[in-house]
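Enquirer: the following block contains a protein sequence and its predicted model.
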Amino acid sequence: MNEPYIQNLFAERIGGREYGKSTAIYKFEKIKRAKRAALAAHPAAEILDLGVGEPDEMAPGEVLAELHAEAQKPDNRGYADNGDAVLKHAAARYLDRVCGVPGINPDTEVIHSIGSKAALSILPAAFVNPGDWVLMTTPGYPVFGTHARYNGGLVHNMPLTAGKSFLPDLDAVPRGVLAKAKAMVLNYPNNPTGASATPDFFARVVRFAKSHGLVIIHDAAYAALVFEGKPLSFLATPGAKDVGVELHSCSKSFNMTGWRCGFVAGNELIVKAYGDVKDNTDSGQFLAIQHAAAYCFDHPEITERIAAKYSCRMAALVEVLGRAGFSARKPAGSFFLYVPAPKAALPKGGARVEFRTAEDASQWLIGERLISTVPWDEAGPHLRWSVTFTAKDEADEARVLRELANRLGNVFFEF
Ligand SMILES: Cc1ncc(COP(=O)(O)O)c(C=O)c1O
């Protein structure tokens with residue numbers, strides 16, 4: 001059969017003439033398929049979904065009310081472009097009050113985003129020429145690297161391992177890469193490891209950026225979801241504003257993943273370049289949503305409530321997994337618990353099953369125990385468990401965790 005001529009027109013960055021022909025199945029699709037198969041095999045059973053990467057609840061009623069009120073205002077109806085002053089000012093106040101970053105100029109050092117994903121997809125166009133390197137962490141959220149490649153750039157992955165507290169080893173970046181590196185992307189509290197950075201590490205990052213001429217993009221999507229103490233902002237590091245920007249988002253901190261709103265703040269030149277590319281990319285988030293987001297940034301107690309819930313769930317999950325033999329330690333923030341994957345499972349009365357990878361272990365957990373997790377094999381086999389599982393109230397939460405304990409209880413895991 002003749003291929004349509006369109007097949008020959010695809011750009012190399014998405015596969016060129018081979019676009020769409022690969023039969024490889026990607027991780028999240030595999031998980032989806034495994035869940036469907038498990039449900040088909042056990043139609044009456046409940047899948048315990050601890051693989052979810054977004055909040056289980058809606059945004060609070062007060063935020064919905066704010067959106068409702070703002071959506072009625074004729075002035076909010078049109079193209080928002082790079083946004084009005086409302087969110088910019090709220091962002092500057094938020095950085096000051098919640099993140100300990102005073103003195104952000106809302107007019108020149110903040111521009112909204114249609115979520116951090118959108119910002120991470122826009123920023124590479126501002127910096128990456130063909131042949132330039134960008135430094136990313138692995139495992140990690142790959143969007144900036146994907147778009148760096150779309151622009152002809154190269155990605156150097158810095159592994160995150162328990163031995164280094166899930167912080168990248170800056171000294172291990174090869175000299176040749178550093179010589180042509182333009183940007184480094186960090187994300188703390190981290191997806192998927194749940195790890196937090198330290199002021200010391202961020203200070204090292206600023207020195208590293210200055211001595212190698214790098215732009216730092218700190219993706220703070222989980223910044224305020226901390227279980228103790230205050231959020232740690234990269235921008236609170238002396239000199240950080242000379243080298244980088246920080247990305248904040250309403251998605252996880254305010255249960256607003258679908259609303260698509262956040263902001264980019266920090267270095268004025270980087271913010272300006274982001275704004276210039278953004279202006280040629282989108283026409284801005286609906287002002288009513290931006291204003292509701294501004295309301296959120298002025299009400300950080302909303303995030304504190306959400307974080308308190310995750311903290312309780314996390315403590316309980318750590319205990320359940322610990323009893324099943326996993327080496328689980330409560331992280332200081334995010335909603336992710338990242339643990340070494342088992343090498344084998346020996347179910348009571350059943351045959352021993354070996355796992356070569358975290359993906360094998362994850363597939364077994366879905367297929368045999370109807371427990372969904374996300375596997376990561378990039379820097380040693382690990383499973384990511386999320387405390388954003390669906391439960392309608394605290395009693396139901398306890399029931400889900402009891403059920404999890406039951407399903408893991410009759411298996412001996414080898415690590
Ligand atoms: C590390 C990280 N950055 C960014 C995002 C995307 O955030 P947003 O919803 O603001 O686009 C996610 C979402 O999962 C994430 O885990």
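Expert: Ah, there it is. The structure presented is a predicted model; accordingly, all values stated were derived computationally and were not measured. Residues are numbered from 1 along each chain as shown.
Enquirer: quick check: mean pLDDT across stretch 226-239?
Expert: Mean pLDDT, stretch 226-239: 96.
Enquirer: what number of residues lie near the closest residue to His382 other than its chain neighbours?
Expert: Using Cβ to Cβ, 6 or more residues apart in numbering and skipping residues adjacent in sequence, the residue nearest His382 is Trp376, 4.8 Å away. All C-beta atoms are positioned from the backbone trio N, CA, C, and that covers glycine. Other residues lying near Trp376 total 24 when counted by other Cβ atoms under 10 Å.
Enquirer: phi first, then psi, for Trp376.
Expert: Backbone geometry at Trp376, expressed as degrees, to the nearest 10, gives phi -130, psi 120.
Enquirer: identify the residues contacting it.
Expert: Counting by Cβ atoms under 8 Å, 6 or more residues apart in numbering, Trp376 makes contact with 139, 192, 338, 358, 382-384.
Enquirer: the host helix or strand of Leu337 near the ligand anywhere?
Expert: Here Leu337 sits within strand 336-340, counting by DSSP states H and E. No - shown here: strand 336-340 not in contact with the ligand (Cβ under 6 Å from any ligand atom), separated by at least 8.7 Å.
Enquirer: against which helices or strands is that strand packed?
Expert: Applying 3 or more Cβ pairs under 8 Å, 6 or more residues apart in numbering; DSSP states H and E, we find strand 336-340 packed against helix 301-323, strand 382-386.
Enquirer: quick one: strands adjacent to it?
Expert: Strands that pair with strand 336-340, judged by DSSP bridges, come out as strand 382-386 (antiparallel).
Enquirer: does the strand it pairs with reach the ligand?
Expert: No - Strand 382-386 stays out of contact with the ligand when judged by Cβ under 6 Å from any ligand atom, the minimum separation being 10.3 Å.
Enquirer: tell me which helix or strand comes right after that strand.
Expert: Toward the C-terminal end, the helix or strand that comes next after strand 382-386 (DSSP H and E) is helix 394-409.
Enquirer: mind listing what's buried along that following helix?
Expert: Buried residues in helix 394-409, counting neighbours by 16 or more other Cβ atoms under 10 Å, are found at 397, 400-401, 404-405, 407-408.
Enquirer: now tabulate the contacts of Trp376 in a markdown table and tack on neighbour count and pLDDT.
Expert: What follows is the contacts of Trp376, written out as a markdown table (neighbours: other Cβ atoms under 10 Å; pLDDT from 0 to 100):
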| residue | neighbour count | pLDDT |
| --- | --- | --- |
| Pro139 | 24 | 97 |
| Pro192 | 25 | 97 |
| Tyr338 | 24 | 98 |
| Ala358 | 25 | 98 |
| His382 | 24 | 98 |
| Leu383 | 26 | 98 |
| Arg384 | 23 | 98 |
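Enquirer: which one of those is nearest the ligand?
Expert: Nearest to the ligand out of the contacts of Trp376 is Pro192 (Cβ to the nearest ligand atom; 8.1 Å).
Enquirer: show me the contacts for the closest one.
Expert: Contact analysis of Pro192 by Cβ under 8 Å, 6+ apart lists 139-140, 336, 338, 374, 376, 382, 384.
Enquirer: 6 Å - rerun?
Expert: Each residue near Pro192 by Cβ atoms under 6 Å, 6 or more residues apart in numbering is listed here: 139, 336, 338, 376, 384.
Enquirer: quick revisit: residues making contact with the strand holding Leu337?
Expert: 192-194, 317, 326-328, 382-386, 415.
Enquirer: what's the closest of these to Ala119?
Expert: Set against Ala119, the nearest of the contacts of strand 336-340 by Cβ to Cβ is Pro192 (19.9 Å).
Enquirer: what's the closest non-adjacent residue to that closest one?
Expert: Setting aside the residues directly before and after it, Pro192 is nearest to Arg384 in space (Cβ to Cβ, 6+ apart), at 4.2 Å.
Enquirer: next SSE after the helix or strand bottoming out on mean pLDDT in the chain?
Expert: In the chain, the helix or strand scored least confidently by mean pLDDT, DSSP states H and E is helix 27-41, which has a mean of 92. Counting by DSSP H and E, the next helix or strand C-terminal to helix 27-41 is strand 48-49.
Enquirer: direction included, what does that next one pair against?
Expert: Strand 48-49 pairs in its sheet with strand 371-372 (parallel), by DSSP bridges.
Enquirer: and the strand it pairs with, average pLDDT?
Expert: Average pLDDT, strand 371-372: 97.
Enquirer: centre of the chain to that strand, how far?
Expert: Relative to its parent chain, strand 371-372 has a centroid offset of 20 Å by Cα atoms, centre = their mean, to the nearest Å.
Enquirer: kindly report the same for stretch 123-130.
Expert: Offset of stretch 123-130 from its chain centre (Cα atoms, centre = their mean): 21 Å.
Enquirer: my guess is Glu359 contacts Pro375. True?
Expert: Yes - taking contacts as Cβ atoms under 6 Å, Glu359 lies within contact range of Pro375: 4.3 Å.
Enquirer: looking at the two, which one has more neighbours?
Expert: Each of Glu359 and Pro375 has its neighbours counted (other Cβ under 10 Å); Pro375 has more, 25 against 20.
Enquirer: now the more buried one: how far from the ligand?
Expert: Look at Pro375 and the ligand: by Cβ to the nearest ligand atom, to the nearest Å, they are 16 Å apart.
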